[in-house]
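Undergrad: Can you look at this prediction? I've put the sequence above it.
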Amino acid sequence: MAESILLRFLKGGLIDVNGDDAKLDKIGAAAGELASELRKSPSKAVAYVLAAVDPEVDAGDPVIVEALDALSKHWVTYVNTFSGTPVAVARAIILEGLVQAATDTPSVGAAFVALARNAFSVSVPSADTAVWADVIMEIEKDVDARAEAEWAVPSSISAPVADLKVPNPAPLTVTADPADVDHLKAGFHAAAGPQYVDPQQGQTLASNGNPHWAHQSPPHWAGEFGARMAVAVAEALDAGLNGLTVENADLSEPIRSLATGVSEYVAEALTAVAAATAGLQRRVALVWWKESLFSPTRRVSYRDLPPTAAATLMAFDLHQQVPVSSPASVVAFLAETVMSLPLVDTEQTYAVNDLVELAQTEKSLDMARGAGALLTAVPGGRGPVIALIAHCDSPTSRDRSAFRRLTGVPDGARLTLAQWACWVFRELQATSATAASKASRSSKRRSRG
């Protein structure tokens, strides 16, 4: 944010610190404390948003009390500065804390945009509406950019470069019998002439070979020498080759290593393709869902359900099919899907508390209520509308007089079925995003432990 929320509230005359910058700093310190709390427990973002966005939030709301408790740590005497409970200051502190946390905690940003969009669809303009509208737009840009990147369909896919390590094969083992030197000597002596002197015995011995001496009859000697040398060398070579053995090389390990490398490369390439085409697959699946008008969770056609139940179930089914980070266009897609039902009057509006009562008793929504119960707590303080639907057995959820206090939704608020489906979808996405973030952090802490 180029300018802090507190300064925007101050410039708009929404909070007054009598020109004392030190007091503004103390309010800012309280906001920073709430931001830290949100980073540690993103699930708190739901109640924070729903309390901060409502100008008529009760002074005793737990979130307002928490914000003022944080302020009292830095500004003990703040109660002497304001007449009555400074709810506007508390709301400014909460909003500033949400904005700070949203910059580095995507789940907080996603919850903020979804819930604030819902609230502003039924709220009456107030003095801080312009500030909220600007903040929602700024945070929504970041949230939508992340979601669009996750849903993107690339024009090309970059496969990993193959880096296969070709193993060195084991060397061949070759063995040979030693040459018979004495036999080779005898053959050479026989080829050289009729006699030779044995160097060890010192006597002349008959070679039993070539009858000619080279100086006496060169032509005859050469003929005998060549023939006898050929035989002697051939016999020596034959003997050596007959004794030559080659052991079979064990190629099992090199082949296994190469196969493992190829398998890993193929798996990595397929993962890259799957990741790159996930957005396309998701979009195709949604188009199929919209055209079929078939509930994958209830295994029934939406046409066979009452319109109010069908719209609510559509919101739940879409939530089940998409990640918590989804582009704003997904909400518009849901609205168009609801309006495509033949029995839906696109202009007819319903009281929100009536829609809640219908959703509390509709049999086809039992799975949706079960899922909502895992994402929300039993209504006590400010919370999402789906908490009243999910915890329908709680007396508080059935108390119409507590509806405004628990949800922040004006008693006379009315929505079309398309708007109602979008409302439910946004709340499911918001509570899921923060709950998933909390679970992820808990898992990381357990792994470190």
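TA: Looks like it arrived, so ask away.
Undergrad: For the strand or helix carrying residue 317, what is the distance to the chain centroid?
TA: Here residue 317 sits within helix 307-321, counting by DSSP states H and E. Between the centre of helix 307-321 and the centre of its chain there are 25 Å (CA atoms, centre = their mean, to the nearest Å).
Undergrad: Give the other helices and strands that it contacts.
TA: Other elements packing on helix 307-321 under the criterion 3 or more CB pairs under 8 Å, 6 or more residues apart in numbering; DSSP states H and E are helix 252-292, strand 294-295, helix 328-339, helix 352-361, helix 366-375, helix 417-448. Quick note: C-beta positions are derived from backbone N, CA and C, even for glycine.
Undergrad: Counting by contacts, list what the fifth one packs against.
TA: So that's helix 366-375. Judged by 3+ CB pairs under 8 Å, 6+ apart, helix 366-375 is in contact with helix 307-321, helix 352-361, helix 385-390, helix 417-448.
Undergrad: Kindly report the same for the third one.
TA: In terms of contacts (3+ CB pairs under 8 Å, 6+ apart), helix 328-339 is packed against helix 129-151, helix 252-292, helix 307-321, helix 417-448.
Undergrad: and if you look at the second one?
TA: Taking 3+ CB pairs under 8 Å, 6+ apart as contact, the helices and strands that strand 294-295 lies on are strand 300-301, helix 307-321.
Undergrad: the domain parsing of the protein - what is it?
TA: The chain breaks down into these domains under automatic domain parsing: 5-151, 173-247, 293-448.
Undergrad: who wins for proximity to residue 267 among the ones you listed?
TA: Proximity to residue 267, assessed across the domains of the chain by CB to CB, is greatest for domain 5-151 (22.1 Å).
Undergrad: State the mean pLDDT of that closest one.
TA: Across domain 5-151, pLDDT averages out at 87.
Undergrad: right, and the helices and strands packed on helix 366-375 - which one's nearest residue 133?
TA: Of those, nearest to residue 133 by CB to CB is helix 417-448, at 16.7 Å.
Undergrad: of all the domains of the chain, which lies closest to residue 253?
TA: The closest of those to residue 253 is domain 173-247. By CB to CB, the value is 15.7 Å.
Undergrad: next one: that closest one to chain centre, how far?
TA: Distance, centroid of domain 173-247 to centroid of chain: 81 Å (CA atoms, centre = their mean).
Undergrad: picking up where we left off before, as TSV, the helices and strands packed on helix 366-375 with distance to residue 64 would be great.
TA: Below are the helices and strands packed on helix 366-375 laid out as TSV (distance: least, CB to CB, whole Å):
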stretch	distance to residue 64
helix 307-321	29
helix 352-361	23
helix 385-390	18
helix 417-448	19
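Undergrad: And the ones you listed: which comes nearest residue 14?
TA: helix 417-448 (25.2 Å).
Undergrad: Burial-wise, tell me which of the helices and strands packed on helix 328-339 comes out on top.
TA: Neighbour counts (mean count of other CB atoms under 10 Å) averaged over each of those peak at helix 307-321, with a mean of 23.
Undergrad: by how many degrees do that one and helix 352-361 diverge?
TA: Helix 307-321 runs at 70 degrees relative to helix 352-361, counting by axes from the mean of the first three to the mean of the last three CA atoms, to 10 degrees.
Undergrad: Determine the angle, from 0 to 180 degrees, between helix 307-321 and helix 328-339.
TA: Taking the same axes, to 10 degrees, one finds helix 307-321 and helix 328-339 inclined to each other by 150 degrees.
Undergrad: send the alpha carbons of helix 307-321 over as CSV?
TA: Provided in CSV are the C-alpha atoms of helix 307-321 (Å, rounded to 0.1, in the frame of the first residue of the first chain):
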residue,chain,number,x,y,z
PRO,A,307,-33.9,-23.5,-7.3
THR,A,308,-32.8,-22.3,-3.9
ALA,A,309,-31.2,-25.7,-3.1
ALA,A,310,-29.7,-26.0,-6.5
ALA,A,311,-28.0,-22.6,-6.3
THR,A,312,-26.5,-23.4,-2.8
LEU,A,313,-25.4,-26.8,-3.9
MET,A,314,-23.8,-25.3,-7.1
ALA,A,315,-21.7,-23.0,-4.9
PHE,A,316,-20.5,-26.0,-2.8
ASP,A,317,-19.8,-28.2,-5.8
LEU,A,318,-17.8,-25.5,-7.5
HIS,A,319,-15.8,-24.9,-4.3
GLN,A,320,-15.0,-28.7,-4.2
GLN,A,321,-13.7,-28.5,-7.8
